[in-house]
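Participant: model the following, please.
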Amino acid sequence: MPPMCPPMGGMPPMGGCGSCPLGLPGPCPFGKKCCFPKAQINEPAPFFEADVWYNDEFKTIKLSDFKDKWLVLFFYPMDFTFVCPTEICAFSDASDNFAKINTCVVGASTDSKFVHREWALRDRKQGGLAPLKIPLLSDLSQKISKQYGCRINKGPNKGVTYRATYIIDPKGMIRHISINDTPVGRSVDEVMRLVQAFQFTDENGEVCPSNWKPGKKTMKPVAGDPDLKKYFEEENK
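Facilitator: Modelled structure (predicted):
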């Protein structure tokens, strides 16, 4: 693993049901069902455990591997396609910058881990991903994409996923969800900006206005605050 990510597969099962993202001890209070079966903002991320292709080998990862880290989990429709490699390569190329802000990046689709391997080893000039610096997760059963609400359920693309992005904080809480249709790729810079903004608000208790980037002005969410009045006056001259 690169420096920003914890060892994969090295943590014992959490909680009484063996998969609790909160690490609840003893008998499962949720009746041995997934504690948080659907992805929702400000709720714990649905637990997952799956195979990935990463660093030239197959590994098994789970949500708890990313404890104390920020996690960008992004789903894409299919391997060996068109828009998908542009997104994955962009996330991969930005992985070092994400690492600097304590953030891991994992890509996922409903393809098998073997297909991931073949695609990851193919040169980018031939539509492949090499060199690839992030894990590709195999959701062959489609269980994870169903829990995260991004599986396509009808039409010619049934069984693959939309382009979905989830930002999960170090406590395992989902802070951002975005899902768009398959023809249009995402902006990795915007995902980076969102992580930085959530980190800033958590650390400073202020809020970030539209198009905020590190170093720009923020606001105190207090009605009548003189600094807030000054902010609006300066921004609307």
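
Participant: in the helix or strand of the chain at the bottom of the mean pLDDT ranking, what's buried?
Facilitator: When each helix and strand of the chain is scored by mean pLDDT, DSSP states H and E, helix 226-235 comes last, with a mean of 89. Buried residues in helix 226-235, defined by neighbour count with 16 or more other Cβ atoms under 10 Å: Tyr231. In short, each C-beta sits where N, CA and C put it, glycine included.

Participant: just say helix, strand or coil for Ala50.
Facilitator: Reduced to three states with DSSP: H, G, I helix; E, B strand; the rest coil, the structure at Ala50 is strand.

Participant: tell me how many other residues crowd the nearest residue to it once chain neighbours are set aside.
Facilitator: Nearest non-adjacent residue to Ala50, counting by Cβ to Cβ, 6 or more residues apart in numbering: Leu137, 5.1 Å away. Each residue near Leu137 was counted by other Cβ atoms under 10 Å, and the total is 27.

Participant: contacts for the helix or strand hosting Leu137, please.
Facilitator: Here Leu137 sits within strand 136-138, counting by DSSP states H and E. Residues from elsewhere that reach strand 136-138, judged by Cβ atoms under 8 Å, 6 or more residues apart in numbering: 48, 50-54, 61, 88, 106-113, 116, 119-120, 129, 144.

Participant: are any of the residues you listed buried, and if so which?
Facilitator: For these, buried by 16+ other Cβ under 10 Å: 48, 50-54, 61, 88, 106-111, 113, 116, 119-120, 129, 144.
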